[in-house]
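here is my input; please provide its structure:
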Amino acid sequence: MQALADLLRNRGNYRWVGLYEVALATAMVNNIVWSGPAAPEYPDFPLSKGLTGSAIANRRTVNVGDVASDPRYLTAFGSTRSEIIVPIFDGARESVVGTIDVESEEPHFFSAEVQHVLEACAAAASPLWKSLPLPPDTKSPGVYYNKTAPTRPPGRENARPADVPDRR
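Next comes the predicted model:
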């Protein structure tokens, strides 16, 4: 999975890419891996929060050219200006099992063509989603993965998902 995040980031020349798992049983979204300068501010959060929650609920890509004007946006990095969240569906396209989250410091960065490419990547990843290699451990920089419980970066171990605001 880390290789997929790195590939997307490097090929698209994006500042940050994260892959998230949708845990319907716990109503949470959990960061599996990320590629970029820092860990996400909220590596796990309730399904109802943020642009990701909207992409999951509506079962379609959310492409926001100016995150500062969108009340759904959860601040990950203060310099983010635009973000795109692409759902990854199960093989039968019955439910969203994950998302691709890409952020840019440039406003209106994600064109319709970029959106189409990322949606094609999500479709290609869909049949492989549960069989993609997982990170070897949860202590590697840039990797926060745990099948049984949400994990948080150092310093946020005690943060509760219910405390995640809609906006900071």
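
quick one: the helices in the chain?
Secondary structure of the chain by DSSP state H: the helices cover 2-12, 50-58, 112-125.

now tabulate those helices in JSON lines and tack on distance to Arg72, mean neighbour count and mean pLDDT.
Any C-beta I mention is one placed from the backbone N, CA and C, and that applies to glycine too. JSON lines is the format used below for the helices of the chain (distance: least, C-beta to C-beta, whole Å; neighbours: other C-beta atoms under 10 Å; pLDDT from 0 to 100):
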{"stretch": "helix 2-12", "distance to Arg72": "23", "mean neighbour count": "17", "mean pLDDT": "93"}
{"stretch": "helix 50-58", "distance to Arg72": "5", "mean neighbour count": "20", "mean pLDDT": "95"}
{"stretch": "helix 112-125", "distance to Arg72": "18", "mean neighbour count": "15", "mean pLDDT": "95"}
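
between those helices, which one is closest to Glu21.
helix 50-58 (11.1 Å; C-beta to C-beta).

which residues does the one residue sitting closest to the centre of the chain bridge with?
Residue closest to the mean C-alpha point of the chain, counted by C-alpha atoms, centre = their mean, is Asp101 at 3.7 Å. Taking DSSP bridges, one finds Gly18, Ile85 as the beta-bridge partners of Asp101.

spell out the residue ranges of the strands in this structure.
Under the criterion DSSP state E, the chain carries strands at the ranges 16-23, 28-35, 44-46, 62-64, 82-89, 96-104.

who are the packing partners of the third one?
Other elements packing on strand 44-46 under the criterion 3 or more C-beta pairs under 8 Å, 6 or more residues apart in numbering; DSSP states H and E are strand 28-35, helix 50-58.

need the contact list for the residue nearest to the centre of the chain.
17-20, 52, 83-86 (C-beta atoms under 8 Å, 6 or more residues apart in numbering).

please identify which pair of those residues lies farthest apart.
Longest span within those, C-beta to C-beta: Leu19 and Glu83, 14.4 Å.

of the strands of the chain, which is nearest Ala120?
Closest to Ala120 of the strands of the chain is strand 82-89 (C-beta to C-beta; 9.5 Å).

and the contacts of the closest one?
So strand 82-89 is contacted by 51-52, 54-56, 59-67, 73, 95-104, 106-110, 114-115, 118-119, 121-123, 125-126, 129 (C-beta under 8 Å, 6+ apart).

and if you look at stretch 105-119?
8, 12, 15, 61, 63, 65-66, 79-84, 86, 100, 102, 104.

try 6 Å this time
The contact list for stretch 105-119 (C-beta atoms under 6 Å, 6 or more residues apart in numbering) reads 15, 61, 63, 65-66, 79, 81-82, 84, 86, 100.

selecting buried members of those residues in PyMOL, what would you type?
Filtering those down to the buried ones (16 or more other C-beta atoms under 10 Å) takes a single PyMOL command:
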select buried, resi 15+61+63+65+81+82+84+86+100
